[in-house]
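Engineer: Okay, predicted coordinates and the sequence, questions at the end:
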Amino acid sequence: MLKIAVQKSGRLYEDSIRLLKECGIELNNGNKQLKAAAFNFPIEVFFLRDDDIPQYVYDGVADIGIVGENVLLEKEKDIDLVYRLGFGKCRLSIAIPKSMQYQSASDLNGLKIATTYSNILNKYLKKNNINAEIHEISGSVEIAPGIGLADAICDLVSSGSTLFTNGLKEVEVILKSEAVLSVNKKLSIENNAILDKLLLRINAVKTAKNNKYILLNAPNNQLKNISSLLPGMKSPTIVPLAEGGWSSVQSVVNENDFWEIIEKLKSYGAEGIIVLPIEKMIV
Ligand code: PRT
Ligand code: ZN
């Protein structure tokens, strides 16, 4: 039985549970309990505060955990990061009052910076030879400059609206973060095998999200050009249409190249282009 720790409530909770669901893992009860067993996969889910997850994974109370990379790095526990999950994206940044002059990171010298991320900040300051004072606080970091507690802050940012409403501007991004899968270094052979199965499923879900299934009609004299744009998983499927001189082409395209490929396909005379989401993709 593999024990996985996820956030009990908060920004990572829903995406974590959705990911397990998309992996075909159905849980017996909700997050009202401390833990929930899955009835169709050998996994047990522990619902915990995100700050506690690295410690629990390190101690082996949980075998693996979903947590922000920011928390993982701040807690400095000796556990492995095995997969970047692509949700909970944010950045850890230094921000100062809007009115303050700023040219480069050396302007941080002599400032008092409030943060809940003192380990990550300390490393950043050392690496960049900046002599600033770290003032560790436990929450509401963004109000620190306004009440005279600090000159600057180091905190998580996503849309930037919290900084804006507190009269602050972002001057240095010190970490780009997202939810990650962290793993205890001493998993049993049995749990390692379950983790491999879980990773295969996570990969299938993530790869599917990054790709689209595409169907189109192509004039036969352009099939070579069109096939070279759509290598697919191996090569595109090409089936003749009932109408002579035309074929139906089916393939997979990556989300990132999508629009560029569509434009080229049209220039090669492709018609009736249909694009569908993919639910799972195993390459
Ligand atoms: O109760 P528990 O301790 O489990 O939860 P928590 O309150 O400590 O964490 P939570 O749920 O707020 O965040 C969990 C994780 O989500 C973080 O560790 C990050 O990895 C990730 N994440 C992504 C964020 C944000 N985006 C985010 N914007 N965590 C916090 N914020 C906060 C930030 O601290 C600031 O107060 O949102 C505010 C800034 O947001 P914008 O949109 O105004 O820039
Ligand atoms: Zn927390």
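Structural biologist: All right, it came through fine. Computed from a predicted model, the values in this text were never measured in an experiment. Ligands and ions are numbered 1, 2, ... in the order given.
Engineer: What's the separation between residue 214 and ligand 2?
Structural biologist: 42 Å (C-beta to the ion, to the nearest Å). From N, CA and C alone the C-beta is placed, and that goes for glycine too.
Engineer: Same question for residue 209.
Structural biologist: Distance from residue 209 to ligand 2, by C-beta to the ion: 27 Å.
Engineer: what residues are up against that residue?
Structural biologist: 86, 255, 278 (C-beta atoms under 8 Å, 6 or more residues apart in numbering).
Engineer: In ChimeraX, select just the buried ones from the residues you listed.
Structural biologist: Those of those that count as buried under 16 or more other C-beta atoms under 10 Å are selected in ChimeraX with:
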select :86
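Engineer: ok, so of the contacts of residue 209, who is nearest ligand 2?
Structural biologist: Using C-beta to the ion, residue 86 is the member of the contacts of residue 209 that lies nearest ligand 2, at 20.4 Å.
Engineer: if we can go back for a sec, which of the contacts of residue 209 lies closest to residue 178?
Structural biologist: Distance to residue 178, by C-beta to C-beta, is smallest for residue 86 among the contacts of residue 209, at 6.2 Å.
Engineer: wait, isn't that closest one in contact with residue 206?
Structural biologist: Yes - Residue 86 is within contact range of residue 206, at 6.2 Å (criterion: C-beta atoms under 8 Å).
Engineer: Can you give the distance of the lengthiest helix in the chain from its chain's centre?
Structural biologist: Longest helix of the chain, by residue count under DSSP state H: helix 189-209. Remark: helix 189-209 is offset 16 Å from the chain centroid, using C-alpha atoms, centre = their mean, to the nearest Å.
Engineer: For the helix or strand following that helix, the averaged confidence score.
Structural biologist: Heading C-terminal from helix 189-209, the first helix or strand you meet, by DSSP states H and E, is strand 211-219. The pLDDT scores in strand 211-219 average 96.
Engineer: For the helix or strand just after strand 211-219, give the mean pLDDT please.
Structural biologist: Using DSSP H and E, the helix or strand that follows strand 211-219 in sequence is helix 223-229. Averaging pLDDT along helix 223-229 yields 94.
Engineer: Same question for the very next helix or strand once past helix 223-229: list its buried residues.
Structural biologist: Per DSSP H and E, the first helix or strand lying C-terminal to helix 223-229 is strand 237-240. Judged by neighbour count using 16+ other C-beta under 10 Å, the buried positions of strand 237-240 are residue 238.
Engineer: Report all helices and strands that strand 237-240 contacts.
Structural biologist: Applying 3 or more C-beta pairs under 8 Å, 6 or more residues apart in numbering; DSSP states H and E, one finds that strand 237-240 contacts strand 246-254.
Engineer: Could you name the helices and strands sitting against the strand it packs on?
Structural biologist: So strand 246-254, by 3+ C-beta pairs under 8 Å, 6+ apart, packs with strand 211-219, helix 223-229, strand 237-240.
Engineer: try 7 Å this time
Structural biologist: The contact analysis (3 or more C-beta pairs under 7 Å, 6 or more residues apart in numbering; DSSP states H and E) places strand 246-254 against strand 211-219, strand 237-240.
Engineer: Can you list the buried residues in that strand?
Structural biologist: Neighbour-count burial for strand 246-254, counted by 16+ other C-beta under 10 Å, picks out 246-247, 249, 251-253.
Engineer: just for the protein, where's the confidence low?
Structural biologist: 29-31 (pLDDT under 70).
Engineer: Let's see that with 80 instead.
Structural biologist: Applying pLDDT under 80 to the chain flags residues 29-32.
Engineer: spatially speaking, which residue is in the middle of it?
Structural biologist: Residue closest to the mean C-alpha point of the chain, counted by C-alpha atoms, centre = their mean, is residue 86 at 2.1 Å.
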